[in-house]
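> structure for this input, please:
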Amino acid sequence: MKKVVTFGEIMLRLTPPGFQRFAQASAFDVVYGGGESNVAVSLANYGIPVDFVSRIPKNDIGEAAIKEMRKHGVGVSHIARGGERLGIYFLEMGAVSRASKVIYDRAYSGMASIDRGMIDWEKAFEGAGWFHWTGITPAISQGAANACLEAIQVANKMGITVSTDLNYRKNLWQYGKKPSEVMPELVAGCDVILGNEEDAEKHFDIHPEGVDVTKGDSMDAAAYQSVCEQLMQRFPRCKKVIITLRGSISASHNTWSGVLFDGTTLFEAPTYQITHIVDRVGGGDSFMGGLIYGLLSYEGNDQQALNFAVAASCLKHTIYGDANLVTVDEVEKLMSGDASGRVSR
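Residues are numbered from 1 along each chain as shown. I've put the predicted structure just below:
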């Protein structure tokens, strides 16, 4: 099987333990993660060959982040070294009716100061069949957006499937450009687009009608077909649009599902009730990792690929940290209807 390449920033995540608020914390739990590195870890767990490409500072913290990737079986040979520091994000984990809070500290990081020409993309893509990036990367800096566009253009030239998770992050777009000025040129080179109702609205002013997720409205999957159709009309290269459907009853209880549109048929996945969330960070990344695995492994069966992605992401909500550390067998067990959580002996 040809390898998958993901491109983005891996960060140091600092979280007060035990659902404490920042003001209560006397210590922080350490996790390494980021949107694209999380996808890479998921794929490595599923046995898919995968390389993570980034720019990481040459210091002890940077080395620790790279070792974390190696530990999970992710290739790191095309990571460029540079920048003053590793990006950091602080996570205050929410519970019940108190939402989680994220504070970014990523100025002068390796990825914030990356630019076109720093990665040899033709070399990085040798033996690759799939390239994945997210909307987080072009939100970091103009240079990161330039490097991402360069990667997409090389991947298109080499006939590599390109996917994106739109991943709108309002707190990141701080360098003078709006998403609508940057994202369309990047997404135009994509074959597979993943997003949710906020991503489509904030990036392209596309949104479903009659749904307010802040009020915990139930997700009517059929309402999203118009979103998928509009995205395909806007970006003709795209062959599949996938929308994640999250209903936020509270910070501890979400409903979770998704739809996939192939230009003709709208596939709908089962809906899971996730009633005791351990960690929802990385939920979308785990969905994307599951989706790429499903599309590669269940070729021609989009329903099965979608069901795998939703089940994989459902399980991620039970795992502390950014990355999804489940196996194919565990995901397929949940897909088969076994959600008992009984001890496996």
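> so who does the residue nearest the centre of the chain touch?
Centroid-nearest residue in the chain, with CA atoms, centre = their mean: D285, separated by 2.9 Å. Neighbour list for D285: 35-36, 38-39, 42, 165, 322-324 [criterion: CB atoms under 8 Å, 6 or more residues apart in numbering]. (Glycine included, C-beta is placed from N, CA and C.)
> between those residues, which is closest to K101?
Within those, proximity to K101 (CB to CB) peaks at D322, which comes in at 16.0 Å.
> does the closest one sit in a helix or strand, and which one?
Assigned by DSSP states H and E, D322 falls within no helix or strand.
> what number of residues lie near the closest residue in space to it that isn't next to it in sequence?
Excluding the flanking residues, the one nearest D322 by CB to CB, 6 or more residues apart in numbering is G33, at 2.5 Å. Residues lying near G33 (other CB atoms under 10 Å) number 23.
> which residues in the helix or strand of the chain with the lowest mean pLDDT does the neighbour count mark as buried?
Using mean pLDDT, DSSP states H and E, the weakest-scoring helix or strand in the chain turns out to be helix 197-204, at a mean of 86. Buried residues in helix 197-204, counted by 16 or more other CB atoms under 10 Å: 197, 199-200, 202-204.
> can you redo those residues as a markdown table with distance to I140?
Converted to a markdown table, those look like this (distance: CB to CB, whole Å):
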| residue | distance to I140 |
| --- | --- |
| E197 | 23 |
| D199 | 17 |
| A200 | 21 |
| K202 | 16 |
| H203 | 16 |
| F204 | 20 |
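> that older thread, which neighbouring elements make contact with the least confident helix or strand of the chain?
When contacts are defined as 3 or more CB pairs under 8 Å, 6 or more residues apart in numbering; DSSP states H and E, helix 197-204 packs onto helix 179-187, helix 225-234.
> buried residues, the very next helix or strand once past the first one. List them.
To tie it back to what came earlier, the one meant is helix 179-187. The C-terminal neighbour of helix 179-187 among helices and strands, as given by DSSP H and E, is strand 192-195. For strand 192-195, the neighbour count (16+ other CB under 10 Å) marks 192-195 as buried.
> pLDDT check: weakest of those?
Across these, the bottom pLDDT score, 89, is held by G195.
> surely that residue touches R246?
No: using CB atoms under 8 Å, G195 is not in contact with R246; the gap is 11.7 Å.
> sorry, back to before: closest to G18 out of the helices and strands packed on helix 197-204?
Across the helices and strands packed on helix 197-204, G18 has its closest neighbour in helix 179-187 (35.3 Å, CB to CB).
> packing partners for that closest one?
helix 136-140, helix 142-157, helix 197-204.
> quick one, which of the ones you listed is packed in tightest?
Highest mean neighbour count among these (mean count of other CB atoms under 10 Å): helix 136-140, with a mean of 25.
> lowest-confidence stretch among the helices and strands packed on helix 197-204?
helix 225-234 (a mean of 92).
> summarise which helices and strands that one is packed against.
Helix 225-234 sits against helix 197-204, strand 240-248, strand 254-261, with contacts defined as 3+ CB pairs under 8 Å, 6+ apart.
> flag every buried residue along it.
When burial is assessed from 16+ other CB under 10 Å, helix 225-234 yields the following buried residues: 225, 227-228, 230-232.
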